[in-house]
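**Student:** after the sequence you'll find the predicted model.
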Amino acid sequence: MPHYVAVVEDAGADRAIGLWFPDLPGCFSAGDTVDEAMLNASEAVLLYAESLAKEGKPLPPPRSVTALRDDPAIAADLRDHMVALVAYRTGTAHAAE
């Protein structure tokens, strides 16, 4: 099961915790707490994958943290924010519906 690196940005007590994926442009999650944002993150990846599939596009392969650290466009975000790994689990979207 692939895991995508997520960058977790905590903007303070009055704002939601944001989480985004360097390898999945436009895919993000949020929550009032880090735990809530992480719970929403797997579903965000699945919904992103479903959207790409409808367009006939594959999900980009995940890069390792090491590979992302070597990417100058991402390195500062990895240094300045918390990083998490989010599993891509097929077939789990809409489980609460």
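**Tutor:** Now that the structure is in, tell me what you want to look at. On a predicted model such as this, the values are computed, not experimentally measured, just so you know.

**Student:** can you point out the buried residues in the lengthiest helix in the chain?
**Tutor:** For the chain, the helix with the greatest residue count under DSSP state H is helix 34-54. The neighbour-count check on helix 34-54 (16 or more other Cβ atoms under 10 Å) flags Ala37, Met38, Asn40, Ala41, Ser42, Glu43, Ala44, Val45, Leu46, Tyr48, Ala49 as buried. Every residue, glycine included, has its C-beta placed from N, CA and C.

**Student:** who does the longest strand along the chain pair up with?
**Tutor:** Identified as the longest strand of the chain according to DSSP state E is strand 3-10. Here strand 3-10 has these sheet partners by DSSP bridges: strand 17-20 (antiparallel), strand 82-87 (antiparallel).

**Student:** save these as TSV, and put in mean neighbour count too.
**Tutor:** What follows is the strands paired with strand 3-10, written out as TSV (neighbours: other Cβ atoms under 10 Å):
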stretch	mean neighbour count
strand 17-20	21
strand 82-87	16
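
**Student:** of all those strands, which one is nearest Arg63?
**Tutor:** Taking Cβ to Cβ, strand 82-87 is the member of the strands paired with strand 3-10 nearest to Arg63, at 11.6 Å.

**Student:** which SS class is Leu59?
**Tutor:** Under DSSP: H, G, I helix; E, B strand; the rest coil, Leu59 falls in the coil class.

**Student:** that one: how many residues sit nearby?
**Tutor:** 20 (other Cβ atoms under 10 Å).

**Student:** so for it, what pLDDT did the model give?
**Tutor:** On pLDDT, Leu59 comes in at 92.

**Student:** then Ala95?
**Tutor:** On the pLDDT scale, Ala95 gets 41.

**Student:** got a list of what Val8 touches?
**Tutor:** Ile17, Gly18, Leu19, Val34, Ala37, Met38, His81, Met82, Val83, Ala84 (Cβ atoms under 8 Å, 6 or more residues apart in numbering).

**Student:** many thanks, we can stop here.
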